[in-house]
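A.B. asks: give me a 3D structure for the following:
(one chain, ligands or ions: 1)
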Amino acid sequence: MSMQVGEVIKKLMMLGVMATINQDLDFDTASLVATEFGVTVQELPPEEDPTEIAEIEDDPASLVLRPPVVTVMGHVDHGKTSLLDAIRQTHVTTQEAGGITQHIGAYKVTCQGKKIVFLDTPGHEAFTAMRARGAQVTDIAILVVAADDGVMPQTIEAINHAKSANVPIIVAINKIDREGASPDRVKQQLSDHGLVPEDWGGDAIMVPVSAHKKTGINELLEMILLVAEMQEIKANPNRQAFGTIIEAKLDKGRGPVATVLVQKGTLHIGDSIIAGTAYGKVRAMINDRGEKVKKAGPSTPVEVLGLADVPQAGDDLVAVDEKIARAVAEKRIAKRRTDELMQSQKVSLDDLFKQIQDGNIKDLNIVIKADVQGSVEALRQSLLALNNGNAEVRVNIVHAGVGTINESDVMLASASNALIIGFNVRPDANSRKAATAEKVDIRMYRIIYEALNDVEAAMTGMLAPTFKEVIQGRVEIRQIFTISKVIIAGAYVLEGKIFNSSQVRVIRDGIVVHEGALESLRRFKDDVKEVAAGYECGVTVDNFRDLKEGDILEVFTMEQIKPKG
Ligand code: GDP
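C.D. replies: Numbering: from 1, shown residues only. Alright, predicted model coming up:
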């Protein structure tokens, strides 16, 4: 503006802003000052992220109804797969395609002339794994509950996973043909978990079905259509395609094959596309009936051939100019490399306070797992009580359940930026791996008070340096024998190492039954300092005589760590 710096600073002072010569001003202040000097200011568009493809804003007038996309969830053996099969058998008109239905990860059915898309991988694990990758494809969740078995742990998990994703739930009370089926008991149990059926004055839709007898299937589909209508599920079909990768694999003959659920726009043969770090041109598309198609509109699952690489499930697929596709893919590959080096940490107790102060965190999301329901409730109540008198951050329990910390807990924590608090339970090997990969903080406690203390201290930045345990190895107890009145466990080191100085935790079915020091460690008849993976050893645990075959010893040591921030 050819102005002296002093002049500008003086004007700013008059506006009540004490600025220094090299201070950044926000746009509003800058334009105010400029106007004082008779200059108009224009804001530059924000810098574009070279690894992102700008989203197309759809004019609301361009949106038309699209079929809802449905995921089936529920406890194991409650009939998810059977229900999907029953729906497919009763509602896919096969004569057009000579009776062949393809497995491509999703399929379309017709009910009352309207279409519904079902994702063919039932369970909340797949659902949440996608969400952890930033993809949300499900519009409606069907919660299958067996009428003879009732609400079980994974039923509750599924409810919480769907709720955390804001996806409406329709309950299918299955196996009503069975003797001992009690739909009312299921309704009662679900009511206790916040799903109150409509006929009891609530707003949860519940449909009695039998996947075996194929009864109630029509009613279920009608309810899906009803909910879809209420939700106004819409998309613009007339634009470049945007979708999500449902499955992808490398096929020997055909090269990379990706099942895509098109969500917006229409995908055509010949379109140039990018999905994750893979790009290419659509060479062929095959629908859920094995037919070749030339185009695929919103809510259409299709197999797409023509990508040069195999993308990952959950990646976005975008139709975009070829040059852009290539450039963005290259930038993404480069970014992935740097990301791997400095992965962004999810919420963790160690730097919680810093994240609160930086304004990154308003809700402290927590997943609770404990050995018994009593502890789950005690933890939940006391953690929520921390909200009284704390305005800066609120504790929010995303899921609470009984049992070992499983992979689905870790994926839920990852998707909802939560930390996991385990009480008298342990993560299994897979969840531990997943937690490392997803950067999920798992905290294990044996005293409720300590868990509360840690969370409260972390919220106020007072978390003292703590000891963090370092897992050294895992050992399986294979045989128990008594030698001159001493009970010795014959064991096998599954992973890592066991040291005679180690601490051990005895785990039976995912529950901690004892924690303490090792008393002796032997190979054959000799005392040894350590035994590595793949070798057998004899162990006795200090003050614990109750080792059983099949027990797992988690071997660890404590290291001091300082909280960051
Ligand atoms: P998923 O683990 O939830 O996918 O459950 P499945 O679909 O594999 O079903 C578990 C078991 O329940 C199988 O033996 C099915 O045959 C049975 N089953 C599923 N639906 C029904 C039903 O409506 N009635 C009866 N009687 N059995 C069913």
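
A.B. asks: might you list the low-confidence residue ranges for the stretch 351-500 of the chain?
C.D. replies: Applying pLDDT under 70 to the stretch 351-500 of the chain flags residues 389-391, 461-467.

A.B. asks: where along it do the helices fall?
C.D. replies: With DSSP state H, counting those that start in this stretch as the definition, the stretch 351-500 of the chain shows helices at residue ranges 352-357, 373-385, 407-415, 429-438, 448-459.

A.B. asks: hey, C-alpha coordinates of the longest one in PDB?
C.D. replies: It stands for helix 373-385. Extracted in PDB, the C-alpha atoms of helix 373-385 (Å, rounded to 0.1, in the frame of the first residue of the first chain):
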ATOM      1  CA  GLN A 373     -20.500 -55.700  34.300                       C
ATOM      2  CA  GLY A 374     -20.200 -54.200  37.800                       C
ATOM      3  CA  SER A 375     -16.700 -52.800  37.000                       C
ATOM      4  CA  VAL A 376     -17.900 -51.500  33.600                       C
ATOM      5  CA  GLU A 377     -20.700 -49.600  35.400                       C
ATOM      6  CA  ALA A 378     -18.500 -48.300  38.200                       C
ATOM      7  CA  LEU A 379     -16.000 -47.000  35.700                       C
ATOM      8  CA  ARG A 380     -18.600 -45.500  33.500                       C
ATOM      9  CA  GLN A 381     -20.300 -43.600  36.300                       C
ATOM     10  CA  SER A 382     -17.100 -42.300  37.900                       C
ATOM     11  CA  LEU A 383     -15.600 -41.200  34.600                       C
ATOM     12  CA  LEU A 384     -18.800 -39.400  33.700                       C
ATOM     13  CA  ALA A 385     -18.700 -37.800  37.100                       C
END
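
A.B. asks: tell me which other helices or strands that helix touches.
C.D. replies: With contacts taken as 3 or more CB pairs under 8 Å, 6 or more residues apart in numbering; DSSP states H and E, helix 373-385 sits against strand 363-370, strand 394-402, strand 418-423, helix 448-459. For the C-beta atoms, the positions are set from N, CA and C on the backbone; glycine is no exception.

A.B. asks: centre of the chain to the last one, how far?
C.D. replies: On the basis of CA atoms, centre = their mean, to the nearest Å, helix 448-459 is displaced by 25 Å from the centre of the chain it belongs to.

A.B. asks: could you give the angle of that helix to helix 373-385?
C.D. replies: Put simply, helix 448-459 runs at 30 degrees to helix 373-385, going by axes from the mean of the first three to the mean of the last three CA atoms, to 10 degrees.

A.B. asks: what does helix 448-459 contact?
C.D. replies: 349-350, 352-353, 356, 364, 366, 375, 378-379, 382-383, 386, 390, 392-393, 395, 421, 423, 443, 445, 463-464, 466, 563 (CB atoms under 8 Å, 6 or more residues apart in numbering).

A.B. asks: in this structure residue 160 contacts residue 415, no?
C.D. replies: No: counting by CB atoms under 8 Å, residue 415 is not a contact partner of residue 160; they are 11.4 Å apart.

A.B. asks: check whether the helix or strand in which residue 155 is found comes near the ligand.
C.D. replies: Residue 155 is part of helix 153-164, with elements assigned from DSSP states H and E. No: shown here: helix 153-164 not in contact with the ligand (CB under 6 Å from any ligand atom), separated by at least 9.1 Å.

A.B. asks: buried set for that helix?
C.D. replies: By 16 or more other CB atoms under 10 Å, the buried positions in helix 153-164 come out as 154, 155, 156, 157, 158, 159, 160, 161, 162, 163, 164.

A.B. asks: got TSV for the helices and strands packed on helix 373-385, with distance to residue 148 and mean neighbour count too?
C.D. replies: Below are these laid out as TSV (distance: least, CB to CB, whole Å; neighbours: other CB atoms under 10 Å):
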stretch	distance to residue 148	mean neighbour count
strand 363-370	27	24
strand 394-402	21	19
strand 418-423	31	24
helix 448-459	35	18
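
A.B. asks: the ligand: which of the ones you listed is closest?
C.D. replies: Across those, the minimum distance to the ligand, taken as CB to the nearest ligand atom, is reached by strand 394-402, at 18.0 Å.

A.B. asks: neighbours around residue 58, how many?
C.D. replies: Using other CB atoms under 10 Å, residue 58 has 16 other residues around it.

A.B. asks: correction: the previous question concerned residue 45.
C.D. replies: Quick note: residue 45 (other CB under 10 Å) scores 5 neighbours.

A.B. asks: what's the distance between it and residue 26?
C.D. replies: As for residue 45, its distance to residue 26 is 16 Å (criterion: CB to CB, to the nearest Å).

A.B. asks: residue 155 now?
C.D. replies: In this view, residue 155 and residue 26 are 49 Å apart by CB to CB.

A.B. asks: and the angle from the longest strand seen in the chain to helix 448-459?
C.D. replies: Assignment by DSSP state E gives strand 466-483 as the longest strand of the chain. Going by the same axes, to 10 degrees, strand 466-483 is angled at 150 degrees with respect to helix 448-459.

A.B. asks: other SSEs contacting strand 466-483?
C.D. replies: Secondary structure elements in contact with strand 466-483, counted by 3+ CB pairs under 8 Å, 6+ apart, are strand 486-499, strand 536-541, strand 552-561.

A.B. asks: contacts for the second one, please.
C.D. replies: Under the contact criterion CB under 8 Å, 6+ apart, strand 536-541 has outside partners 475, 478, 486-493, 498, 504, 506, 514, 516-523, 528, 531, 547, 553.

A.B. asks: and residue 23, how many neighbours?
C.D. replies: Using other CB under 10 Å, residue 23 is surrounded by 10 other residues.

A.B. asks: residues in this structure within reach of the ligand, list them.
C.D. replies: So the chain meets the ligand at 74, 76-82, 122, 174-175, 177-178, 210-212 (CB under 6 Å from any ligand atom).

A.B. asks: of those residues, buried ones?
C.D. replies: Neighbour-count burial (16+ other CB under 10 Å) is assigned, among these, to 74, 78, 79, 80, 82, 122, 174, 175, 177, 210, 211.

A.B. asks: ok, for the first one, nearest residue in space, not its chain neighbours?
C.D. replies: Computed as CB to CB, 6 or more residues apart in numbering, the closest residue to residue 74 that is not its neighbour in sequence is residue 144, at 3.4 Å.

A.B. asks: any idea which element residue 247 lies in?
C.D. replies: Residue 247 belongs to strand 242-251 when assigned by DSSP H and E.

A.B. asks: please name every helix or strand in contact with that strand.
C.D. replies: Checking 3+ CB pairs under 8 Å, 6+ apart, strand 242-251 ends up next to strand 255-264, strand 316-319.

A.B. asks: list the buried residues for the first one?
C.D. replies: If I follow you right, that is strand 255-264. So for strand 255-264, counting by 16+ other CB under 10 Å, buried means 256, 257, 258, 259, 260, 261, 262, 263, 264.

A.B. asks: kindly report the same for stretch 231-243.
C.D. replies: Here stretch 231-243 shows 233, 235, 236, 237, 239, 240, 241, 242, 243 as buried, counting by 16+ other CB under 10 Å.

A.B. asks: same thing with stretch 271-283?
C.D. replies: For stretch 271-283, the neighbour count (16+ other CB under 10 Å) marks 271, 272, 273, 274, 275, 276, 277, 278, 279, 280, 281, 282 as buried.

A.B. asks: so which elements touch the helix-or-strand element of the chain with minimal mean pLDDT?
C.D. replies: Ranked by mean pLDDT, DSSP states H and E, the weakest helix or strand in the chain is helix 352-357, scoring a mean of 74. If you count contacts as 3+ CB pairs under 8 Å, 6+ apart, helix 352-357 packs onto helix 448-459.

A.B. asks: cool, thanks, signing off.
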